[in-house]
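Student: Build the 3D model from these lines:
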Amino acid sequence: MASLLDRGPDTVTVYPAGPVKPDGTRGPEGAPVTLKCRVQPSTSQEAAELGYLDNTLYRVLARSLPAGPWSRLTWAGRDWLVVGEPKRHNGSARTRHDTALIRRR
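Tutor: Numbers count the residues shown, from 1 in each chain. Predicted coordinates:
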């Protein structure tokens with residue numbers, strides 16, 4: 001039986017960040033990778049006053065997530081940035097997975 005790590009209800013497309021050039025800029029993004037995963041809310045910092053955008057972070061859980069700290073991804077029709085370094089959770093073959101926090105661009 002496959003788990004949510006293999007057949008999650010959400011679909012994301014990851015655009016891996018390009019390599020760092022000698023001048024400090026980044027090269028072109030890598031080839032996009034589409035995968036099934038689970039996306040869940042992580043934190044929310046909504047402004048009390050109207051007119052301000054909320055700063056909600058979401059957590060992406062996937063068996064394998066080909067993303068880095070400067071990667072971009074699309075989910076739910078919007079562009080998102082990976083916040084920090086994705087984390088690899090090593091465990092048994094059934095529970096091993098990657099997680100990353102994302103923030104709307």
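Student: C-alpha from now on. contacts and neighbour counts both.
Tutor: OK.
Student: can you map out the strands along this structure?
Tutor: Ranges of strands in the chain, per DSSP state E, are 10-15, 33-43, 57-62, 72-75, 78-89, 97-104.
Student: May I see the ones you listed organised as CSV, with mean pLDDT and mean neighbour count added?
Tutor: Below are the strands of the chain laid out as CSV (pLDDT from 0 to 100; neighbours: other Cα atoms under 10 Å):
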stretch, mean pLDDT, mean neighbour count
strand 10-15, 95, 19
strand 33-43, 92, 16
strand 57-62, 94, 21
strand 72-75, 94, 19
strand 78-89, 92, 16
strand 97-104, 93, 20
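Student: As JSON lines, those with distance to Lys21 would be great.
Tutor: Shown next, in JSON lines, are the strands of the chain (distance: least, Cα to Cα, whole Å):
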{"stretch": "strand 10-15", "distance to Lys21": "18"}
{"stretch": "strand 33-43", "distance to Lys21": "23"}
{"stretch": "strand 57-62", "distance to Lys21": "28"}
{"stretch": "strand 72-75", "distance to Lys21": "18"}
{"stretch": "strand 78-89", "distance to Lys21": "20"}
{"stretch": "strand 97-104", "distance to Lys21": "25"}
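Student: Out of the ones you listed, which gets nearest to Gly27?
Tutor: Closest to Gly27 of those is strand 10-15 (Cα to Cα; 12.4 Å).
Student: Mind giving me the packing neighbours of that closest one?
Tutor: strand 33-43, strand 72-75 (3 or more Cα pairs under 8 Å, 6 or more residues apart in numbering; DSSP states H and E).
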